[in-house]
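Asks: Quick one, what's the 3D model for this:
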Amino acid sequence: RLYKVDLLQGVFPYPMLLNHQFDVIFLVDIIEHVSNPAVLLQHCAAAVAPNGIIILVTPNAGSLVEKLLG
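Replies: As a prediction, this is how the structure comes out:
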């Protein structure tokens, strides 16, 4: 293992993680499932470190992958 990476999985915001900042917040195919995406993104913006990034991946119903996988 080249890098030590702590991976946290769960519902965000999570009370135990309040006041923590993260270098990377990774949201994959989730934004369409939350009741209020804007609030989720506000929580992410507050939790990302100053030089951190938020990676947001959304599904594309017209993509080649979707067509192949159905």
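
Asks: in the chain, what spans have low per-residue confidence?
Replies: The chain contains residues with pLDDT under 70 at 1.

Asks: Spatially central residue in the protein, please.
Replies: By CA atoms, centre = their mean, the chain has its centre lying nearest to Leu27, at 2.3 Å.

Asks: Which helix or strand contains it?
Replies: Per DSSP states H and E, Leu27 falls inside strand 22-28.

Asks: Check which element follows that strand along the chain.
Replies: Strand 22-28 is succeeded, C-terminally, by helix 37-47 (DSSP H and E).

Asks: Just the residues contacting that next one, thanks.
Replies: Applying CB atoms under 8 Å, 6 or more residues apart in numbering, the external contacts of helix 37-47 come out as Phe12, Pro13, Leu17, His20, Gln21, Phe22, Ile25, Leu27, Ile31, Val34, Ile54, Leu56. No exception for glycine: its C-beta is placed from N, CA and C like everyone else's.

Asks: Please convert the buried members of those into PyMOL selection syntax.
Replies: Buried residues within the contacts of helix 37-47, by 16 or more other CB atoms under 10 Å, are selected in PyMOL with:
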select buried, resi 12+13+22+25+27+56
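
Asks: Thanks a lot, catch you later.
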